[in-house]
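**Q** Below are the sequence and a predicted model for it; my questions follow.
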Amino acid sequence: VDSAVKSRLQQLAKTQRINGFRPGKVPVNVIKKRFGQAVRQEVAGDVMQQNFYQAVIQEKIQPAGMPKFELTKDEDGQDLEFTASFEVYPEVEVKGVSDIEIEKPVVEITDEDLDNMMETLQKQHATWKEVKRKAKKDDKVIIDFVGSIDGEEFE
């Protein structure tokens, strides 16, 4: 972790602009004071991700979601220690599939069923059109109404 942090700080020293220093000429110790903790956390996150996925592949585990990492030891000059909490897919063993019998349901559709369905579909897809006659039962009517009480209109 320390070597990765050191190389990342050197990269930042080449790209960061800090007042009082020419671009690309900022000393690493100045960068470390300003960005050291953030860089260490970033590198620790990368190391945890890499090691987690290596362990998952090595142990042939199938995680069901993203892991939750928790640092247990992160000190300069020592190995990084962390715990990862995650859910895994259960191992399912299918037995006796050849012994299962499946009954295919048989359905008889009558003319009455077809007529009911056609009527339902017609009602669902019905459209309204304007006609020039008096309104009848089940017609859709638009009324232009102005209400008033004692000669004053209201809404």
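**A** Cool, the structure landed. From a predicted model like this one, the values you see are computed outputs, not experimental measurements.
**Q** For the rest of this, base every contact and every neighbour count on C-alpha atoms.
**A** OK.
**Q** neighbouring contacts of the helix or strand bottoming out on mean pLDDT in the chain?
**A** Within the chain, confidence by mean pLDDT, DSSP states H and E is lowest for helix 2-15 among all helices and strands, at a mean of 81. If you take CA atoms under 8 Å, 6 or more residues apart in numbering as the criterion, helix 2-15 is touched by 23-28, 31-32, 35-36, 39-40, 43, 76-77.
**Q** Go through those and flag which are in helices.
**A** Counting by DSSP state H, the contacts of helix 2-15 place Val28, Ile31, Lys32, Phe35, Gly36, Val39, Arg40, Val43 in helices.
**Q** count of residues packed around the nearest residue to the last one once chain neighbours are set aside?
**A** Distances taken as CA to CA, 6 or more residues apart in numbering put Val5 closest to Val43, at 6.3 Å, once the chain neighbours are dropped. Residues contacting Val5 under the criterion other CA atoms under 10 Å number 20.
**Q** Next: Val39.
**A** Using other CA under 10 Å: Val39 sits among 19 other residues.
**Q** ok, which stretches of this protein are helices?
**A** 2-15, 28-59, 111-124.
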